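**Q** need the 3D shape of this:
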Amino acid sequence: LTDRGPNGDAPKYLENGQASASKFFLSPDFNPQIGILKISNGKAQINDSIPLKNKNKSSITGLPLAPGLTGSTLEVPILPTMDKLNYDNNGLDPEGIAEDKQGNFWISDEYGPFIAKFSKTGKLIEKYQPGAGLPEVLKYRIPNRGMEGLSISPSDKVFSAVQSILDANGETSNALFTRIVLFDPKTKETKMYAYPVNKTIYKKSNALKIGDIFAISDSKLLVIDQGKDANGVMRNVVNLVDLS
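**A** Sure thing, here's the model as predicted:
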């Protein structure tokens, strides 16, 4: 699964005397897509790809959502020439992917945080967001740290992880946990689990980032726990989590 396309940090964007955070998008028309890889003799080769499309079959881009919408990062998308680009209110920043028993693709999105269901041909079936399918409190995610990992359990339930702690009350330095969300596609019910921040390792709670998750069973997950520790050293650890 591709990300949202080539982008990078940019200077503040000035408009009508107001300075806003901005992001360079080097290929604004980039269409996130799923790559089909064949692995043989230790080498991986992309044999095919599935472009992601909206319900009306138009191409999804990786451009950010407009300010005021759930999922907006409040970043102005610009070209390297400093010319402003249009927002895409259907834009996605894909991260994790898994396939259910029906052959549909489930994708976690970092803008939202969103969870999106796509058909085997790459057409959007449904997108769940805070207050509309997902717990509303998730709207307080730190910008660009929405849903990161995603996995489907043996019983076809969807697990997704918020990359970092929430910023519900401006408490990004001392929060004690980030969240793993369980979503049942059949009942549309959700449940949240607290994934603890190890304060003996991380100086600040927002240093912890969940890289990805994998459901071994309906109650056990492998979680990539990563970030710079209190000494500024980058760590990548796989933790076994028992939700029971």
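**Q** I'd say Leu150 and Glu110 touch.
**A** No - in this structure, Leu150 is not within contact of Glu110 by C-beta atoms under 8 Å, at 11.1 Å. Any C-beta I mention is one placed from the backbone N, CA and C, and that applies to glycine too.
**Q** mind listing the shared neighbours of the two?
**A** Each of Glu95 lies in contact with both Leu150 and Glu110 under the rule C-beta atoms under 8 Å, 6 or more residues apart in numbering.
**Q** which one of the two has more residues nearby?
**A** Shown here are Leu150 and Glu110; by other C-beta atoms under 10 Å, Leu150 has more neighbours (27 against 24).
**Q** for the more buried one, which non-adjacent residue is spatially closest?
**A** Excluding the flanking residues, the one nearest Leu150 by C-beta to C-beta, 6 or more residues apart in numbering is Gly96, at 3.2 Å.
**Q** can you count the residues close to the one you found?
**A** So Gly96, with other C-beta under 10 Å, has 24 neighbours.
**Q** quick check: the gap between it and Lys43.
**A** Look at Gly96 and Lys43: by C-beta to C-beta, to the nearest Å, they are 24 Å apart.
**Q** before we move on, what about Phe24?
**A** Counting by C-beta to C-beta, the gap from Phe24 to Lys43 is 33 Å.
**Q** now the residue nearest to Leu150: which helix or strand?
**A** strand 94-99 (DSSP states H and E).
**Q** now that strand: mean pLDDT?
**A** If you average the pLDDT over strand 94-99, you get 96.
**Q** any residues touching it, and which ones?
**A** Everything outside strand 94-99 that qualifies as a contact, by C-beta under 8 Å, 6+ apart, is 1-4, 32, 34, 52, 105-110, 146-152, 158, 160-161, 212-213.
**Q** then stretch 9-27?
**A** 5-8, 62-64, 73-80, 82, 84-85.
**Q** out of those residues, which are buried?
**A** The neighbour-count test (16 or more other C-beta atoms under 10 Å) marks 5, 7, 62-64, 73, 75-78, 85 as buried among these.
**Q** just give me the closest of these to Asn47.
**A** Of all the buried ones among the contacts of stretch 9-27, the one with the least separation from Asn47 (C-beta to C-beta) is Gly5, at 21.6 Å.
**Q** what sits closest to the closest one if chain neighbours are left out?
**A** Per C-beta to C-beta, 6+ apart, closest to Gly5 is Phe30, 3.1 Å.
**Q** I'd say the one you found and Arg4 touch.
**A** Yes - at 7.3 Å, Phe30 counts as touching Arg4 under the criterion of C-beta under 8 Å.
**Q** which one of those two has more residues nearby?
**A** Arg4 (23 against 19).
**Q** which pLDDT value goes with the nearest residue to that one once chain neighbours are set aside?
**A** Using C-beta to C-beta, 6+ apart and skipping the chain neighbours, the partner closest in space to Arg4 is Gly62 (2.7 Å). Gly62 carries a pLDDT value of 97.
**Q** pull the contacting residues for Pro6.
**A** Applying C-beta under 8 Å, 6+ apart, the residues near Pro6 are 25-27, 30.
**Q** would you check how far apart it and Leu63 are?
**A** In terms of C-beta to C-beta, Pro6 sits 12 Å off from Leu63.
**Q** ditto for Ala21
**A** 15 Å.
**Q** can you tell me the closest non-neighbouring residue to Leu222?
**A** Phe214 (4.5 Å).
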